[in-house]
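Student: Sequence plus the predicted model coming up.
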Amino acid sequence: MKARTAALNQIGSILISAPEAIRSKYGPLNSRDRADALARIRPAGDAVHVAVLTALKALARRVKELTAEHEALTKDIDTAVTADNPGLRAAYGVGPDTAAQLLITAGGNPERMRTEASFAALCGAAPVPASSGRTNRHRLSRGGDRAANAALYRIALVRMAGDARTREYAARQTAAGRTKKEIIRLLKRAIAREIFRCLTTRVTVPEIADLRPLRQSKNITLSAAARHLGVWPSRISDVERGLRRLDDLTHAYRDWLQTA
């Protein structure tokens, strides 16, 4: 992904000083459409236009190759981590890369995972006292496995953006006067507790492979199912594809489909 970003940045840099005809044609496009368009061009024109278009085409092909490689590797990682620990992969906000990093951290340091507190310290998510005078507070830890800490940070951001309970919690903490850094510290500590349970105990994940065929066999649309359950159609689609783990919704959805 870093190499892909570097190639996209190179394309943008070349377009800044490219001839006006090239800049006006490809400049307004977004990254994906621009890469697709540039990868198909046939350099023509004077020497300057040919040189610029040739460079852009080479970079665009590199972007597409790196994108395809990233998608293939992500799929392989997802398959591996799901088979190893389906409960961890199904946790809200835990993607393939994040799950893989947490499994690596736990597997490389099993002697330090005696309790959930020791795992939090291993991930650098344990609170560090930073009180002074009458001020009683804690700060973010700078120790532990920084890659695991970054994984917890990504989970916290995803949940703050899309999980209703996390957003409500963040709103309450903000109203109480806590800063965003302090809220993220609290969230990472709570997430570390949840991840520890997933790593040390076998978590049962509801089966979802039967949901879509069952719905389609009864000619029920996503909109109809979502309307009955009081959620957005995209939420039902995420459940059917396993993109989100929503156990209560999954059970309610299956019970409704079986009786519909």
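Tutor: Great, that's in hand.

Student: tell me the average confidence for stretch 68-85?
Tutor: Confidence for stretch 68-85, expressed as mean pLDDT, is 92.

Student: buried residues in it?
Tutor: Across stretch 68-85, burial judged by 16 or more other CB atoms under 10 Å covers 78, 81-82, 85. (C-beta placed from N, C-alpha, C; glycine too.)

Student: I'd like to know which of those are part of helices.
Tutor: Among those, the residues falling in helices (DSSP state H) are 78, 81-82.

Student: ok so, going back, would you reformat the buried residues of stretch 68-85 as a markdown table and include distance to residue 50?
Tutor: Output for the buried residues of stretch 68-85, formatted as a markdown table (distance: CB to CB, whole Å):
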| residue | distance to residue 50 |
| --- | --- |
| 78 | 42 |
| 81 | 46 |
| 82 | 48 |
| 85 | 53 |
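
Student: Just say helix, strand or coil for the nearest residue to residue 11 once chain neighbours are set aside.
Tutor: Spatial nearest neighbour of residue 11, chain neighbours left out: residue 59 (5.0 Å); criterion: CB to CB, 6 or more residues apart in numbering. Of the three states, residue 59 takes helix under DSSP: H, G, I helix; E, B strand; the rest coil.

Student: Residue 110 versus the residue nearest the centre of the chain, what's the distance?
Tutor: Compute the mean C-alpha point of the chain, and by CA atoms, centre = their mean the closest residue is residue 95, 5.0 Å away. Plainly put, residue 95 is 24 Å away from residue 110 if you go by CB to CB, to the nearest Å.

Student: Could you report the neighbour count for residue 99?
Tutor: Residue 99 has 26 neighbours, counted by other CB atoms under 10 Å.

Student: what about stretch 230-239, average pLDDT?
Tutor: On average, stretch 230-239 scores 87.

Student: Buried residues, it. List them.
Tutor: Here stretch 230-239 shows 231, 235-236, 238-239 as buried, counting by 16+ other CB under 10 Å.
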